[in-house]
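> I would like the atomic coordinates for the input below:
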Amino acid sequence: LNSFLGSSRFASAFSPCFLSLPFRFRMASMMGAMGGAMNEAAKKAVEDELATKAPATMKPFFPCLGGPVGTMETCMCMVPADQQDSVKQAIAKYKSL
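Predicted coordinates:
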């Protein structure tokens, strides 16, 4: 046992560099997953906002034109004039995510 603990094989298998490399990959993947989840939540919030702002005559087109964002972008002429600026900003925010 002493010869194994004193061997270079044991030291190299449990060195800080050996352990930190997989840890860095795990942390990077977790951070990427959290960022992706946050983006999905932000996109969902924008979709919900646009769905509530959409006139009733546009809502049947949501499945055909890619949801609230695609429908509002395609049929901008049906959005009331006082809401068009906020809808355009929400669509731009959605596309930037």
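
> ok, which stretches of this protein are helices?
Counting by DSSP state H, the chain has helices at residues 2-5, 8-13, 16-53, 67-74, 84-96.

> what about residue 84, how many neighbours?
A total of 13 residues lie near residue 84 under the criterion other C-beta atoms under 10 Å. The way it works is simple: take the backbone N, C-alpha and C, and place the C-beta from them, glycine included.

> Distance-wise, check it relative to residue 39.
Remark: distance between residue 84 and residue 39 (C-beta to C-beta, to the nearest Å) = 25 Å.

> residues contacting residue 76?
The neighbours of residue 76, taking C-beta atoms under 8 Å, 6 or more residues apart in numbering as the test, are 84, 87-88.

> Distance to residue 68 for those residues - can I get that in a markdown table?
Shown next, in a markdown table, are these (distance: C-beta to C-beta, whole Å):
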| residue | distance to residue 68 |
| --- | --- |
| 84 | 15 |
| 87 | 10 |
| 88 | 14 |
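
> Just name the closest of those residues to residue 63, please.
Residue 63 lies nearest to residue 87 out of those, by C-beta to C-beta, at 19.2 Å.
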